[in-house]
Each structure stands twice: as C-alpha cells, then as structure tokens.
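> how would this look folded up:
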Amino acid sequence: MGGLVGGGSKPDTSALDAQVRENARLKAQQETEQRRLAEEASGKRRALRGSSGRSLLSDARLNPEAGVEDKLGSGSTLG
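Numbers count the residues shown, from 1 in each chain. Alright, predicted model coming up:
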C-alpha cells in the first residue's frame, strides 16, 4: 500500500530503456540498408545511361567517331 501514498520504490525501467535503444539501433540499420540499396540502384541507372553513347563504335580504332575508311582510300563514310 506504500505505492498509493507515495512510498515504495520506483518501477524498473531498464527493460524499457533497452527496448528503446534496440529500436533506435534497428532503425539506423534499416536506414543504412535503404541508403545502400538506393546508391546501388542509382549506380546501375548511371552505368546504363552512360554506356549507350558508344555502343556501336569500335574500340579497335584510334578515332572511332571518324568512321570507317574505304579500302580504296577515299575518305570517311561519315559526312
């Protein structure tokens, strides 16, 4: 009856504190995972977007934008 009048001890909040800390840790871990996945998806989109410009140009030539030269020696086929 001491709890009704103000006597007695305070309730133990260590379990509640531990649960709050665990929830904060899990939330931070989830945010880190979401950030990592977003960066990975962004990198994939960037790689796909950037590689489309030279898909038909050969890496074997020194200047692939100049076009293919004729065997008979008359300039390039582009312009």
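> now the element after the lowest-mean-pLDDT helix or strand in the chain, going C-ward?
When the helices and strands of the chain are scored by mean pLDDT, DSSP states H and E, helix 2-5 comes last with a mean of 60. Remark: after helix 2-5, the chain's next helix or strand is helix 14-50, criterion DSSP states H and E.
> now do that following helix, average pLDDT.
Mean pLDDT, computed over helix 14-50, is 91.
> and it, what does it pack onto?
Helix 14-50 sits against no helix or strand, with contacts defined as 3 or more Cβ pairs under 8 Å, 6 or more residues apart in numbering; DSSP states H and E. (C-beta placed from N, C-alpha, C; glycine too.)
> buried stuff in it?
Buried residues in helix 14-50, counted by 16 or more other Cβ atoms under 10 Å: none are found.
> distance of R46 relative to S9?
As judged by Cβ to Cβ, to the nearest Å, R46 and S9 stand 60 Å apart.
> ugh, wrong one, G43
56 Å.
> and for R45?
For R45, the distance to S9 (Cβ to Cβ) stands at 59 Å.
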